[in-house]
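Q: here's a sequence, model it:
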Amino acid sequence: MIDISAELNRLADLAELSGPGAAAVLDAGGWSGERRIPATEWVTSWRRGDAWAWIQGDGPAVQVEFTVWHRDVDDEWPDPDTYIDDLYDAAAAELPGLVAQLKSGPLGVRLKSSDEDLTNGADYIEHSAWRVADKVVLAGVKHDDTDVPVQVVVVVRDHAADAEDEGGEWL
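A: Purely as a prediction, here's the structure:
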């Protein structure tokens, strides 16, 4: 699994998490810009090795999501329900190693546990989340839809960020 500790540390240091600021951090970290949404002035989809990063939102409310592990779901499996549980278990088994990597990296001493729900309403199969000054760093396992892979992600966003549309989806 790719180590994104340096990028998380730089993102946490930004006074305001913005699209151009996040893009500059990813570019400096050796990520390749893949795709730009016409409405933004910055590249929104990035790749390094087998990992992906997305800059989500526009304006002052921006979130950066890294996908560091993913496995596709295939409808042709004999028993998809049994197999999906195996995928969830495999992803959940990756999470403790990722959390340990984050805690031992450059951001580790700054990660502060919190009693508040830091998921911003998103559903995670399992997750760990921390505050870093005015930012939230969350590592979790998610599966948004039956047509998308099971993923282990790390999310960075401003603590007060609200970049969701009316349906609760990140823009």
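Q: and the strands in this structure?
A: Ranges of strands within the chain are 32-35, 45-48, 51-56, 63-71, 126-132, 135-142, 150-158, based on DSSP state E.
Q: of all these, which lies closest to Asp115?
A: For Asp115, the closest of those is strand 126-132, at 10.5 Å, according to C-beta to C-beta. For the C-beta atoms, the positions are set from N, CA and C on the backbone; glycine is no exception.
Q: what's the average pLDDT for that closest one?
A: For strand 126-132, mean pLDDT rounds to 96.
Q: check contacts around the nearest residue to Arg48 once chain neighbours are set aside.
A: Excluding its sequence neighbours, the residue lying closest to Arg48 (C-beta to C-beta, 6 or more residues apart in numbering) is Trp31, at 4.6 Å. Neighbour list for Trp31: 7, 46-48, 53 [criterion: C-beta atoms under 8 Å, 6 or more residues apart in numbering].
Q: pLDDT score for Trp31?
A: 96.
Q: over to Glu76?
A: Among the per-residue scores, Glu76 shows a pLDDT of 62.
Q: check Pro60 too.
A: For Pro60, the predicted pLDDT is 66.
Q: with respect to Val25, which of the strands of the chain lies nearest?
A: strand 63-71 (8.1 Å).
Q: that closest one pairs with which strands, parallel or anti?
A: strand 51-56 (antiparallel), strand 150-158 (antiparallel) (DSSP bridges).
Q: quick one: mean pLDDT over the first one.
A: Read that as strand 51-56. Strand 51-56 comes out at a mean pLDDT of 94.
Q: so which of the strands paired with strand 63-71 is the most packed in?
A: For the strands paired with strand 63-71, the largest average neighbour count (mean count of other C-beta atoms under 10 Å) is found in strand 150-158, namely a mean of 24.
Q: coming back round to it: closest one to Leu26 among the strands paired with strand 63-71?
A: Evaluated over those, closeness to Leu26 peaks at strand 51-56, with 5.7 Å, by C-beta to C-beta.
Q: hmm, back to that, for the residue nearest to Arg48, what are phi and psi?
A: Reported as degrees, to the nearest 10, the phi and psi values for Trp31 are phi -80, psi 150.
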